[in-house]
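>>> Next input, structure requested:
(chains A and B)
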Amino acid sequence: MHLSLLGVSHHSAPVDLRERVDFSRRGVPAALAVLADTPGTAEVVVLSTCNRAEIYTMCEDAGRARDGLARFMSEFHNVPEPELAAHLYTMTGAAVTRHLFRVAAGLDSLVVGEPQILGQVKEAYAVASDRGHTGASLNRLFHWAFSVGKRVRAETGLGEGAVSVSYAAIALARKIFGRLDRLRALVVGAGEMAELTATHLRAQDVRHIGVTNRTASRAAALAARVQGIAVPWEAMIDELASTDIVVTATGSASCMVTRAHVAEAMKPRRDRPLFMIDIGVPRDVEPAAGDIEQVFLYNIDDLQAIVRENQARRQAQVDRAELLVEEEVDGFMRWLRSRGSVPTVVALRRRFEEIRQAELARLAPKLASMPPDARARVEEVTRLLVERLLSTPTERLKAAPDEDAAATDADTLSRLFELGLGEDSDDDTPALREARLGSMASPSAARNR
Amino acid sequence: MNAIPLALYFTASGAYAVHFARPGSAWGPTATLTLVAGALAHTFVIGMQTMQVGHIPFVGTTGAISAFVWLLALAYLYTEMTADERSMGIFLVPLMVVLQTIPALGNSVAARPPVLESRWFEIHVFSLLVAYASLALACVVSVTYVLLFKELKAKHPGVFYARLPSLQVLDAMNRRTVGVGWAFLTVGIGVGVIWLAQLQPGAVDPRVQAMSPLDPKIFIVVLCWLVYGFGIFARSRLGWGGRRAAWLSTVGFAILLLNFVPIGYFGTETHNFY
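Numbers count the residues shown, from 1 in each chain, chains lettered A, B, ... in the order given. Next up is the predicted model:
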């Protein structure tokens, strides 16, 4: 069995193609149902986000699986195969593990270190696993990926610091006020930036959002979209006194809010902070207003400077995160190889046991004349001999450095001892299953080995 | 014996420093556990001393400092656990280390002079020590407030931005700790006045006879009571929250600290009982 991956992401395809292969349009469960019926595919998980559509499988033949998955992708989404082929990427074995771990850690995201992806990977796994499309290998791979995602976030600063202007503004508001759900916000302007910030404020459950604009109808329209209340343009300055967060984003050529306006508004507020986010260019708020006690005024350059610093800090953490991922890939691949060696080990032990039993049976007449404790001794000695003979080969098989070496070892042993592996691939005896379960250690335990 | 809690406080302050430098590492819980161990050892020391002399060892500046550090450790641990906020340990625990050095060096428990054989004495000193501990916390919270405020005003979020809770949370903590501190200060001073009024008419001890509000130790504590009282009044009536309140807390505690070391040992003529 081989790990295999086929996918499309923001690295490989433009947005219009990504939209067309978005699994959420027809539903991931429908795709899983079709994929599970594909011959040679034992386990499958579909990861579908706005930036990627990926299919992870455990399959018998990686090459055949690749062609099959590409054909499936084309037919399921109704996109001609040649058009799709240029944007698809495929991977097998350790590369799949590395890719999934990097995805879960946020290293492969458009915004490096963004936290949502880990939740999306978990969701994708849950959808597949709830429907019985995953088995021991993908279960282990995805749980391992979750722990890698968590570890990278805990041990590096990859997810720290806002990397977009509107998130930076929200993070600053949190640092000033703590909870935002009791605050009143005022959005001045009804353009794209005003709307984006207002949407973020709404997502943070700000208690009240007022929207004001020179054109009252545009204010009313934006207010309706963000569940706010339109405020008449003339009342804007009066409204400042009862507002905690002000977002200004108008196209006005001069400062609409002067230092005097803010000073006046601060009087009844006493020492209650006022956070002013001026994302208008040219600026909407007179810069001197920021000198007033308890007024925190940030313009678009201030916010962009914070974003740039955070991006640089994240970038500095990427190398550490990549090293960590590499370490985890090694751990998982060791586990996978040791699991792959189980059929060989079991067959080898069975072969030796057969030989031992055959020899004991041949000697049965002679053994019958011996006293019972001597017979037990012979039984014990032969058993121990077999154990000792197999101990080193078993360890070496499990610790194969890569998949090719593991396959070569298995082939050689099979040929030398006539194990018959590969001739009867459905040979999944209870002993084999038990042995596989026994080799499923936890990620941390496996790391420590 | 006071050296054991000192050693643990010292270790804890190092752990808090590492935790501050590398948040998210395992040093945070280590720091808290070490501080808990220090506070427990300190409780044991004070308990042993109480059994030794038959009363809580408040007598003398050394005993009072040890008890103050102990209360401060407990108050800080309470705040840390209830607010789930470990970032202030780096500011507070070093203060505990410095103060605890005094009882650790002069490791003796003063016997209680007969004049202090009174329930009033215990209430008086205990209330003031609780007040001092609470006001010390207020001071630390205020310093962190000012540091974070400066970063936010300078539009350059940095070390404190990444580690401290929000300005509003710090301001609320300052308000609460000053409120508790001022209430205990009031009780401590009030009990002192009542007790003195009872003692003075027939007092044999010349110190009790000469005790007046002009004694530096009493003067400082009354001055602090006025400073913090003004802070509470200004917050509720004049809207002096935030940075102004933070400065008042810091200045108030700086004055209060005088009572421990310089004045407690050298300045007071009538208020030293050891």
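>>> contacts, neighbours, all on C-alpha from now
OK.
>>> max-length helix in chain A?
Longest helix in chain A, counting residues (DSSP state H): helix A:300-340.
>>> Against which helices or strands is the first helix or strand past that helix going along the chain packed?
As assigned by DSSP states H and E, the chain's next helix or strand after helix A:300-340 is helix A:342-362. Judged by 3 or more CA pairs under 8 Å, 6 or more residues apart in numbering or on different chains; DSSP states H and E, helix A:342-362 is in contact with helix A:372-398, helix A:403-417, helix A:430-438.
>>> Quick check: buried residues in the first one?
When burial is assessed from 16 or more other CA atoms under 10 Å in any protein chain shown, helix A:372-398 yields the following buried residues: A:375, A:382, A:394, A:397-398.
>>> So out of everything in the stretch 251-400 of chain A, what residue is nearest chain B?
Closest contact between the stretch 251-400 of chain A and chain B, by CA to the nearest CA, is at residue A:270 (4.8 Å).
>>> shouldn't that residue be in contact with residue B:238?
Yes. With contacts counted by CA atoms under 8 Å, residue A:270 reaches residue B:238, the gap being 7.3 Å.
>>> Show me what secondary structure element comes after the helix or strand containing residue A:219.
If you go by DSSP H and E, residue A:219 is part of helix A:216-225. On the C-terminal side of helix A:216-225, the nearest following helix or strand under DSSP H and E is strand A:229-230.
>>> Tell me which other helices or strands that next one touches.
strand A:208-212, helix A:216-225.
>>> Show me the contact partners of the longest one.
What it means is helix A:216-225. Under the criterion CA atoms under 8 Å, 6 or more residues apart in numbering or on different chains, residues A:189-190, A:195, A:209-213, A:228-233 lie in contact with helix A:216-225.
>>> all helices for the stretch 151-274 of chain B, in order.
B:159-163, B:167-199, B:206-210, B:216-233, B:242-258, B:262 (DSSP state H, counting those that start in this stretch).
>>> so which of these comes closest to residue A:263?
helix B:242-258 (16.8 Å; CA to CA).
>>> quick one: buried residues of the closest one?
Of all the residues in helix B:242-258, those buried under the rule 16+ other CA under 10 Å are B:242-253, B:256-258.
>>> when you check chain A, which of the residues you listed turn up near it?
When the buried residues of helix B:242-258 are checked against chain A using CA under 8 Å from any CA of the partner chain, the ones in range are residue B:242.
>>> Just the closest of the buried residues of helix B:242-258 to chain A, please.
For the buried residues of helix B:242-258, the nearest to chain A is residue B:242 (6.2 Å; CA to the nearest CA).
>>> which residues touch the residue of the stretch 251-400 of chain A closest to chain B?
When contacts are counted by CA under 8 Å, 6+ apart, residue A:270 touches B:238-241.
>>> okay but residue A:71 is in contact with residue A:80, surely?
No. Applying CA under 8 Å as the test, residue A:71 and residue A:80 come out as separate, 9.2 Å apart.
>>> Let's have the helices and strands packed on helix A:342-362 in CSV, adding distance to residue B:213 and mean pLDDT.
Converted to CSV, the helices and strands packed on helix A:342-362 look like this (distance: least, CA to CA, whole Å; pLDDT from 0 to 100):
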stretch, distance to residue B:213, mean pLDDT
helix A:372-398, 84, 89
helix A:403-417, 87, 81
helix A:430-438, 80, 45
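>>> could I get those as JSON lines with distance to residue A:52?
Shown next, in JSON lines, are the helices and strands packed on helix A:342-362 (distance: least, CA to CA, whole Å):
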{"stretch": "helix A:372-398", "distance to residue A:52": "35"}
{"stretch": "helix A:403-417", "distance to residue A:52": "28"}
{"stretch": "helix A:430-438", "distance to residue A:52": "33"}
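>>> just to revisit the earlier point, tilt between the helix holding residue A:219 and strand A:208-212?
160 degrees (axes from the mean of the first three to the mean of the last three CA atoms, to 10 degrees).
>>> how far does helix A:216-225 sit from the chain's center?
With CA atoms, centre = their mean, to the nearest Å as the basis, helix A:216-225 stands 38 Å off its chain's centre.
>>> how far away is residue B:199 from residue B:122?
15 Å (CA to CA, to the nearest Å).
>>> brain fart, residue B:170
For residue B:170, the distance to residue B:122 - CA to CA - is 32 Å.
>>> ok, these two, which is more surrounded?
residue B:170 (26 against 19; other CA atoms under 10 Å in any protein chain shown).
>>> Name the nearest residue to whichever residue of chain B sits closest to chain A, sequence neighbours excluded.
Proximity of chain B to chain A (CA to the nearest CA) peaks at residue B:166, 4.3 Å away. Using CA to CA, 6 or more residues apart in numbering or on different chains and skipping residues adjacent in sequence, the residue nearest residue B:166 is residue A:175, 4.3 Å away.
>>> Okay, buried residues for whichever strand or helix holds that neighbour please.
According to DSSP H and E, residue A:175 maps onto helix A:165-177. With burial defined by 16+ other CA under 10 Å, the residues of helix A:165-177 counted as buried are A:165-170, A:172-177.
>>> what residues are up against the residue of chain B closest to chain A?
Counting by CA under 8 Å, 6+ apart, residue B:166 has contacts A:174-178.
>>> So which residues on the stretch 201-350 of chain A come close to chain B?
So the stretch 201-350 of chain A meets chain B at A:270-272, A:290, A:294, A:296-298, A:302, A:306 (CA under 8 Å from any CA).
>>> mind putting those residues in a markdown table, pLDDT and secondary structure included?
Below are these laid out as a markdown table (pLDDT from 0 to 100; DSSP: H, G, I helix; E, B strand; the rest coil):
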| residue | pLDDT | secondary structure |
| --- | --- | --- |
| A:270 | 80 | coil |
| A:271 | 82 | coil |
| A:272 | 89 | coil |
| A:290 | 93 | helix |
| A:294 | 92 | coil |
| A:296 | 95 | strand |
| A:297 | 95 | strand |
| A:298 | 94 | strand |
| A:302 | 91 | helix |
| A:306 | 88 | helix |
